[in-house]
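>>> A structural model of the following input is requested.
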Amino acid sequence: MQISANLGFLYTELPLPDRIRAAKADGFDAVECHFPYDTPAAALRDALHETGLRMVSLNTVPGDIAAGEFGLAALPGREAEAQAAVRQAVSYGAAIGAGAVHVMAGRSQGAPGAEQCFRTTLGLACDLAAAEGMSVLIEPINSRDAPGYHLSLIEAAAETLAAVGRDNLKILFDCYHLQIMQGDLTRRFADHLPDIGHVQIAAVPDRGEPDGGELCYERLLKGFAQAGYAGAVGAEYRPRGGDTSAGLGWLPGLRAALASGRLQG
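From the prediction side, this is the model:
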C-alpha cells in the first residue's frame with residue numbers, strides 16, 4: 001500500500017515539478033495532482049522520471065472557479081466543455097504516465113438530466129482512458145464543502161458505475177468526504193471494494209494532517225488492507241501550519257506500520 005502526496009494541497013509554495021521532488025525527499029511513494037495543465041507535460045514527466053515516482057491521478061478542469069464551478073461532467077448544456085475537459089485530461093495524463101483521471105461531476109444542484117449527462121461523459125472518458133491504459137475515477141464529495149455537488153454518497157457512485165458499465169471506471173474513496181456524509185467507513189469500504197480504485201485521507205473535520213481528528217488511519221487502513229485493498233492511499237489534506245514538510249510527523253508511523261506487517265497490502 002503506497003502513500004501518495006496530493007500536490008494540489010501539499011508543497012504549494014513550489015512549482016509543480018519541484019513539488020514532486022519535495023515529495024520524494026520527504027519519503028512519499030507516489031504523487032497525485034489536481035489541475036496540472038499550466039505546467040508543460042514534459043516538465044512533469046521529467047520530474048517523475050528523475051524521482052522514480054508515479055503519478056497516480058489528475059483531475060479534469062473544474063470550470064470557472066471564480067463563479068463557484070467545481071466540475072462540468074454532470075451539467076446539462078455543458079457537454080461540449082465537459083468532453084473537451086476529458087480529452088485534455090486523458091491526453092495530459094497519458095503524456096506523463098498517470099494511472100487515472102478523476103472526472104469532476106460539478107454542482108448539478110439535482111438538475112433534470114444531470115445524471116444522464118454525467119454517464120454519457122463518463123462513457124467517453126472511459127473509452128479514451130482505456131486506449132491509454134488508464135482508469136477513470138468518480139468521487140463522492142461532501143455537501144458541506146461543496147453544496148450542490150452532483151455526487152455525495154457512495155451508493156450513488158456505485159449506481160453510476162453499474163449504469164456506465166465500463167471495467168476501468170472506479171470510485172475514489174475519500175475518507176474525509178465519506179466520513180462527513182455517511183461514516184461507517186470500514187463496512188462501506190468492504191461493501192464496495194470491487195468498485196474502489198483509489199483512497200484518500202485527511203483529518204476530520206478540519207482536513208488537516210491525518211494524525212488528528214476523529215479517524216484513526218492506522219486502524220482504518222488496516223481494515224481496508226484486510227478487506228483486500230492493495231492500491232495507493234493519497235494524502236489529500238491541508239497542512240495546518242502551512243509547511244508540508246514540518247507537518248509530516250504522521251508519515252513515519254504509518255509507513256512503519258505498513259512495513260511491520262501490521263498493515264498488510
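>>> how close does Gln200 get to Phe173?
As for Gln200, its distance to Phe173 is 7 Å (criterion: CB to CB, to the nearest Å). (C-beta placed from N, C-alpha, C; glycine too.)
>>> likewise Leu75?
Distance from Leu75 to Phe173, by CB to CB: 24 Å.
>>> those two - which one has more neighbours?
Counting neighbours by other CB atoms under 10 Å for Leu75 and for Phe173 shows that Phe173 has the greater number, 28 against 24.
>>> tell me the secondary structure at that one.
The three-state label given to Phe173 by DSSP: H, G, I helix; E, B strand; the rest coil is strand.
>>> any idea how far stretch 53-71 is from the chain center?
10 Å (CA atoms, centre = their mean, to the nearest Å).
>>> so where do the strands sit in the stretch 101-250 of the chain?
Ranges of strands in the stretch 101-250 of the chain, per DSSP state E, counting those that start in this stretch, are 135-138, 169-174, 196-201, 233-235.
>>> buried ones in stretch 217-236?
The neighbour-count check on stretch 217-236 (16 or more other CB atoms under 10 Å) flags 217-218, 220-222, 224-225, 227, 229, 231-236 as buried.
>>> and stretch 169-180, average pLDDT?
The average pLDDT within stretch 169-180 is 98.
>>> how long is it end to end?
Taking CA to CA, to the nearest Å, stretch 169-180 runs 24 Å from one end to the other.
>>> ok, Asp127 - contacts?
Arg166 (CB atoms under 8 Å, 6 or more residues apart in numbering).
>>> likewise for Glu115?
Taking CB under 8 Å, 6+ apart as the test, what Glu115 contacts is 74, 150, 160.
>>> how near is the second one to Gln226?
Summarising the geometry, the distance separating His150 from Gln226, computed by CB to CB, is 32 Å.
>>> so Val164 touches Leu122, yeah?
Yes: in this structure, Val164 is within contact of Leu122 by CB atoms under 8 Å, at 5.0 Å.
>>> what residues are shared contacts of those two?
Between them, Val164 and Leu122 share no contacting residue, judged by CB under 8 Å, 6+ apart.
>>> between those two, who's got more neighbours?
Leu122 (25 against 18).
>>> pretty sure that one contacts Thr160?
Yes: the criterion here is CB under 8 Å, and Leu122 meets it with Thr160 at 7.1 Å.
>>> list residues touching both of these two?
Contacts common to Leu122 and Thr160, judged by CB under 8 Å, 6+ apart, are Ile138.
>>> before we move on, back to that, take the buried residues of stretch 217-236 and keep only those in helices.
217-218, 220-222, 224-225, 227 (DSSP state H).
>>> okay, these in JSON lines with pLDDT and distance to Asp127 next?
Output for these, formatted as JSON lines (pLDDT from 0 to 100; distance: CB to CB, whole Å):
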{"residue": "Tyr217", "pLDDT": "93", "distance to Asp127": "35"}
{"residue": "Glu218", "pLDDT": "89", "distance to Asp127": "39"}
{"residue": "Leu220", "pLDDT": "92", "distance to Asp127": "34"}
{"residue": "Leu221", "pLDDT": "91", "distance to Asp127": "33"}
{"residue": "Lys222", "pLDDT": "85", "distance to Asp127": "37"}
{"residue": "Phe224", "pLDDT": "91", "distance to Asp127": "30"}
{"residue": "Ala225", "pLDDT": "87", "distance to Asp127": "32"}
{"residue": "Ala227", "pLDDT": "90", "distance to Asp127": "30"}
